[in-house]
Each structure stands twice: as C-alpha cells, then as structure tokens.
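A.B. asks: Quick one, fold the following:
(chains A and B)
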Amino acid sequence: EPEVTQTPSHQVTQMGQEVILRCVPISNHLYFYWYRQILGQKVEFLVSFYNNEISEKSEIFDDQFSVERPDGSNFTLKIRSTKLEDSAMYFCASSDWGSGGGNEQFFGPGTRLTVL
Amino acid sequence: AQSVTQLGSHVSVSEGALVLLRCNYSSSVPPYLFWYVQYPNQGLQLLLKYTTGATLVKGINGFEAEFKKSETSFHLTKPSAHMSDAAEYFCAVSQYTGGFKTIFGAGTRLFVKA
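C.D. replies: Sure, this is the predicted structure:
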C-alpha cells in the first residue's frame, strides 16, 4: 500500500542552525502539507502546497520557514534559523485532489526535531 | 473560522465498555470531518471521515461516528473497547479555502482498563 515517508526520523540541531526535513508523498498525489505537533499539544497546520506553490499557510509559517518540491518525488520543509520553540514532531501529508472531495490526507510517520 | 473542540482530554473506560469520544466543530460551510488515531511514537492514521451522504460513518477497528448538523457534533463511538484501542484520538475539520487545510482538535487520550 502506498505510504508517505519522511526522513530523518529524528533530527537534533543547535539553535540558529538550518534544518531540512524531507518527505516523499504518495506518487499520484497533488497536494502536499506540513503540520507540526509540539510535545503534548495538538497537531497544527503549517502549510499546503499545490502546483509548485504555497496554496495556504498559517501564522506559524513565518519567514523562517520555506517549502520546496525540488524534483518529482520529494517535498521539503526548511527552517532557516532554528529556535528552541521549533522543537516538535513535524508531519508531512499528501492528498489526491481527485478523491471526490473530503480531502483525505495521508500522513507520514513524522520527524522529531530537537533544537538544543 | 473553523474550529474543533474535543470534550475531555482524557477518557478512561474498562475493556468491553462503550467508548464515546466527543467532538464539536464550527464551520461556515458544510465541513469535511475526520477522526484520526495516533499510537505512541507513531503518525496519524485515519479512522473514518464524513464528506456527504449518510451521516453515520463506519471506520476501521469497529469505530463509527455520526454527523449531527443541528448539534454541530461528530462524536466517535465503539460498542466494546479493546486494550489495543488505547491511543490519542484527534477530531479534525477540513475546508477548501484556496487550499485545503485541516484543523485538529486538542485530542483525547483514551485509556482502557483491564
């Protein structure tokens, strides 16, 4: 069964460093998303991406964040200068526009980012 | 603006007992509603979803949910809890506003006692 994959599973970085979180969405999906979950808190929407551009973003997704689909398979989230409060689990998701509405998103297993 | 409220951050039931996890939503347009489950140290797995049509939706692992527009609710139920049901459950609402985004509730952790 197709699935969303994410690498690495755990990333440890120093405050101020840049990190890139990688995702491989399901191959025929057209919409891509990033969410984050701070430990013990709810899952928060960051950004959605379609047709090589951001279609929607939350107030969390400030200038420190960027997304890219560098090739036909990968979808990345870059944090330019990490802060302690960026420590969280980051989930990638993808969906098929043609799924008849209801936008079922398939989630990856997550990358746990720890900023020291 | 959309929002999701899950009543009860923790719910504890005995094995074999009814599971009821409550969810209320607000949305300016007909919503798409979801329940996701998260097991420890894992990602989110879709349990069930409501889009249109039948308001009683059946999902995996014996769970079901009923969409009640008049009550703006989408409560999750399972007739008989199993130890393996212990997990975090998230209710979510999705809407197209130029791009799809999903808004999650705060989650309800389900404990199942032997």
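A.B. asks: and the host helix or strand of residue B:6, average pLDDT?
C.D. replies: For residue B:6, the host element (DSSP states H and E) is strand B:3-7. The average pLDDT within strand B:3-7 is 93.
A.B. asks: what's the helix or strand just after that strand in contact with?
C.D. replies: Following strand B:3-7 in sequence order, the next helix or strand is strand B:10-14 (DSSP H and E). Residues from elsewhere that reach strand B:10-14, judged by C-beta atoms under 8 Å, 6 or more residues apart in numbering or on different chains: B:19-21, B:81, B:108-114. Any C-beta I mention is one placed from the backbone N, CA and C, and that applies to glycine too.
A.B. asks: that older thread, buried ones in the strand holding residue B:6?
C.D. replies: Neighbour counts over strand B:3-7 (16 or more other C-beta atoms under 10 Å in any protein chain shown) mark B:4, B:6-7 as buried.
A.B. asks: Repeat that for stretch A:104-116.
C.D. replies: Of the residues in stretch A:104-116, A:104-113, A:115 count as buried by neighbour count, 16+ other C-beta under 10 Å.
A.B. asks: Closest residue of chain A to chain B?
C.D. replies: residue A:55 (2.7 Å; C-beta to the nearest C-beta).
A.B. asks: so that residue touches residue A:45, yeah?
C.D. replies: No: using C-beta atoms under 8 Å, residue A:55 makes no contact with residue A:45, being 11.8 Å away.
A.B. asks: Comparing the two, which shows the higher neighbour count?
C.D. replies: A direct count of neighbours by other C-beta atoms under 10 Å in any protein chain shown for residue A:55 and residue A:45 places residue A:45 higher, at 22 against 18.
A.B. asks: burial measure for the closest residue in space to the more buried one that isn't next to it in sequence, as a count.
C.D. replies: Once flanking residues are discounted, residue A:45 sits nearest to residue B:101: 4.6 Å by C-beta to C-beta, 6 or more residues apart in numbering or on different chains. Here the number of neighbours of residue B:101 (other C-beta under 10 Å) works out to 23.
A.B. asks: The one 3 residues further on now?
C.D. replies: Residue B:104 has 21 neighbours, counted by other C-beta under 10 Å.
A.B. asks: cool, the one 4 residues further on as well?
C.D. replies: With neighbours defined by other C-beta under 10 Å, the count for residue B:108 comes to 20.
A.B. asks: Double-check it against residue B:19; I have them as touching.
C.D. replies: No: using C-beta under 8 Å, residue B:108 makes no contact with residue B:19, being 10.1 Å away.
A.B. asks: Which residues are in contact with the spatially most central residue of chain A?
C.D. replies: Centroid check for chain A by C-alpha atoms, centre = their mean gives residue A:34 as the closest residue, at 2.9 Å. Each residue near residue A:34 by C-beta under 8 Å, 6+ apart is listed here: A:21, A:23, A:46-47, A:67, A:77, A:90-93.
A.B. asks: same question, residue A:73
C.D. replies: Contact partners of residue A:73, counting by C-beta under 8 Å, 6+ apart, are A:24-25, A:27.
A.B. asks: closest to residue A:63 among these?
C.D. replies: Taking C-beta to C-beta as the measure, residue A:63 lies nearest residue A:25 of those, at 24.4 Å.
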